[in-house]
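Peer 1: what's the 3D shape of this:
(2 chains)
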Protein chains: 2
Amino acid sequence: MNVEVCFTPHQLSLYPVQNSIVVVIDILRATSSICVGFAYGVDKIYPVESIEECVNLIQKHGFIGAAERNGEKLPGFVLGNSPFDYMNPALSGKTIALTTTNGTHAIYTAKKEKAKKIVIGAFTNQQSLLEWLLAQSEDVLLLCAGWKDKFNLEDTLFAGSMICLLKQHGYYSESDTAYASELLYVQAKDHIHEFLKNSSHAKRLAHLDIQRDIDFCLQSNLASVVPVFEQDYLYNADTPQPICNSLKMYAQ
Amino acid sequence: MNVEVCFTPHQLSLYPVQNSIVVVIDILRATSSICVGFAYGVDKIYPVESIEECVNLIQKHGFIGAAERNGEKLPGFVLGNSPFDYMNPALSGKTIALTTTNGTHAIYTAKKEKAKKIVIGAFTNQQSLLEWLLAQSEDVLLLCAGWKDKFNLEDTLFAGSMICLLKQHGYYSESDTAYASELLYVQAKDHIHEFLKNSSHAKRLAHLDIQRDIDFCLQSNLASVVPVFEQDYLYNADTPQPICNSLKMYAQ
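Peer 2: Numbering: from 1, shown residues only, chains lettered A, B, ... in the order given. Okay, here's the model as predicted:
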C-alpha cells in the first residue's frame, strides 16, 4: 500500500484523494483535542467551517459549542481548541459542534474532494490510529491542516512519524513530501520540543501562553480512540476504553 | 529584510509576491541550464509556457528552440533541458525560445502574480545571485518550481541554502517553509548527491540516464550570471564574464 503526504488542504486536489483514507492532522491543536474529547467519552463531534454553522447547531440541537479562531477561544462558547478544555467527565455522552481555524477546514476539504474515508490523527492517538489503518488495508494520504492553507512544521513532523511507522508495516512512498516529512521527523524526534520552538506556530501562539498545550499535544498515545468522519460528524470507531492514567494525570 | 519560501507555483498567490523579488528555482534542470546559457553568452531567453508559443517565436523571429516535457527533449528542437546542451560557444549572442515542464511555468506564475522583480536561481549561479540580491536590498521570495505544482526536494534544498546565506547578511524569516528548507539543507549539505538519490525526481528521471546532468546541477558557482526577467524575456543583469575554467572543463 502507498502512503502519501499533502502539506496543506490548498493542494489536496492534486492528490489521489478518492482512492485513499485521508488522515487529517492538526497537531496544534484541533486533532489533538478531538482525540482527548473522545477519550473522555464524547459521543459525536460535528466539525463545521463557519462560526454561523456552529451557532446554528447549538441552537437547533443543544450541542455543546467549541470555537477557535487564530489560536483563541471565541467568547460565548463553552469550549475552545485547548486539549485541557476537553478533559472533563461531564462531556461523556455529549455531542459537540466544533469550528477551528485550520482543522475543521481540512476535514471539509477532504470531504469535498471525496476522500474514501476520513480519520483524525494526532500524537495523542497515534498507536490506535496506526492499528486501525493497518486493519483497513488501504492507501493512506496524510493531510496536514497547516496554517491558513500554508505548510506548517508540527503537522509535517507527525506525518513523518506516521511514514516511519507505516513503512515498518510494508507501506511504500515515492513522493518528495513523504521523504521530506520523514527526514524532518528523524532529525527532530529526540528533541521535538526544542525543534518546534523556532516554528511559526509556536511563535504565533507564544502570546497566548499555551506552552502547556503544546507540551501536551506532543505526547504520544494518551487517547485510545479513532475519530472517523461519517456524513457530517466524527465518532470514535475504536472500542471505548477507560481513560488512561497518564491522561487523567493531566486533568488534575 | 525578509526572506520567504514558497514550495510550489500552485501556492504563490498566498505569498507577498508584489512586494518581493521572486527567485525562480528549478534545479533539475531549467534554471541550472538557463545560467549555463548566459555564461556561454546567450543574449536573451524567452521562456514560454506552451510548445505552440515556442514554435511561433522560432518561426517569427528565428530564435533557437529549446523544449522539454517530462524530462525529455522534444523532437525537432535544437536544445532540450540539459545544461550540456547549452555549453556551446555558437550560442553566444543568440536568442532562445524555451519551454519546460516546471521552470517556465513558475516564471509565468510569478509574472501573473505581479512579482516586483523576477530572477533565476540555481546552484550554478548562487554567488552571483546572492551578491545581486544583497545589492537590491528588497524582500526575497524563493519560489520552488517543484514538479507539476507539487513540492520537490532539490528546489527546497537550494532554497534552504539561500536562507542560510541571506541570514548571514541580516535577512530574517519567520515561516515554517523557510525553517524546514533550512533544516533539510543543513541535514543534506555534506552529502547532497546521496540525499537526492531517494528523491522523486531522481527516480523519475533515472530511465533517462541524466546522472551527469544531476551531478552538474548540484555544483556551485560555475556561472557568474544573474538572469533577470523583464517584460517577456530573460537577460543577464550581471557584467559579462569570461566562461570560467571549471565550466569549460565540463564541455569537453
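Peer 1: How about the residue most central in space within chain A: what's its closest non-neighbour residue?
Peer 2: Chain A has residue A:31 as the residue nearest its centroid, 2.3 Å off, counting by C-alpha atoms, centre = their mean. Using C-beta to C-beta, 6 or more residues apart in numbering or on different chains and skipping residues adjacent in sequence, the residue nearest residue A:31 is residue A:122, 4.3 Å away. Backbone N, C-alpha and C define where each C-beta goes, glycine included.
Peer 1: do the lowest-mean-pLDDT helix or strand in chain A and chain B meet at all?
Peer 2: In chain A, no helix or strand scores lower on mean pLDDT, DSSP states H and E than helix A:200-205, which sits at a mean of 77. Yes: contact of helix A:200-205 with chain B (C-beta under 8 Å from any C-beta of the partner chain) involves A:200-201, A:203.
Peer 1: Could you list the residues in contact with that helix?
Peer 2: Residues outside helix A:200-205 that contact it (C-beta atoms under 8 Å, 6 or more residues apart in numbering or on different chains): A:28, A:71, A:147, A:152-154, A:196, A:214, B:174-176, B:179.
Peer 1: my guess is residue A:166 meets residue A:131, correct?
Peer 2: No: the criterion here is C-beta atoms under 8 Å, and residue A:166 misses it with residue A:131 at 11.6 Å.
Peer 1: Out of the two, name the residue with the larger neighbour count.
Peer 2: More crowded of residue A:166 and residue A:131, by other C-beta atoms under 10 Å in any protein chain shown: residue A:166, with 21 against 13.
Peer 1: Checking my notes, that one in a helix, right?
Peer 2: Yes: under DSSP: H, G, I helix; E, B strand; the rest coil, residue A:166 sits within a helix.
Peer 1: Nearest residue to it in space, please, no chain neighbours.
Peer 2: Using C-beta to C-beta, 6+ apart, the nearest residue to residue A:166 is residue A:3, at 4.8 Å.
Peer 1: swap in residue A:192?
Peer 2: Using C-beta to C-beta, 6+ apart and skipping the chain neighbours, the partner closest in space to residue A:192 is residue A:218 (5.7 Å).
Peer 1: Ok, residue A:185 next?
Peer 2: The shortest distance from residue A:185 to any residue other than its chain neighbours is 2.7 Å, reached at residue A:160 (C-beta to C-beta, 6+ apart).
Peer 1: got it, and residue A:217?
Peer 2: Of all residues not flanking residue A:217 in the chain, residue A:32 sits nearest, at 4.1 Å (C-beta to C-beta, 6+ apart).
Peer 1: what sits against that neighbour?
Peer 2: Shown in contact with residue A:32 (C-beta under 8 Å, 6+ apart): A:26, A:83, A:122-124, A:216-217.
Peer 1: Give me the buried subset of those residues.
Peer 2: A:26, A:83, A:122-124, A:216-217 (16 or more other C-beta atoms under 10 Å in any protein chain shown).
Peer 1: returning to what we had before: average model confidence for whichever helix or strand comes after the least confident helix or strand of chain A?
Peer 2: Next in sequence after helix A:200-205, counting helices and strands by DSSP states H and E, comes helix A:211-217. Helix A:211-217 carries an average pLDDT of 91.
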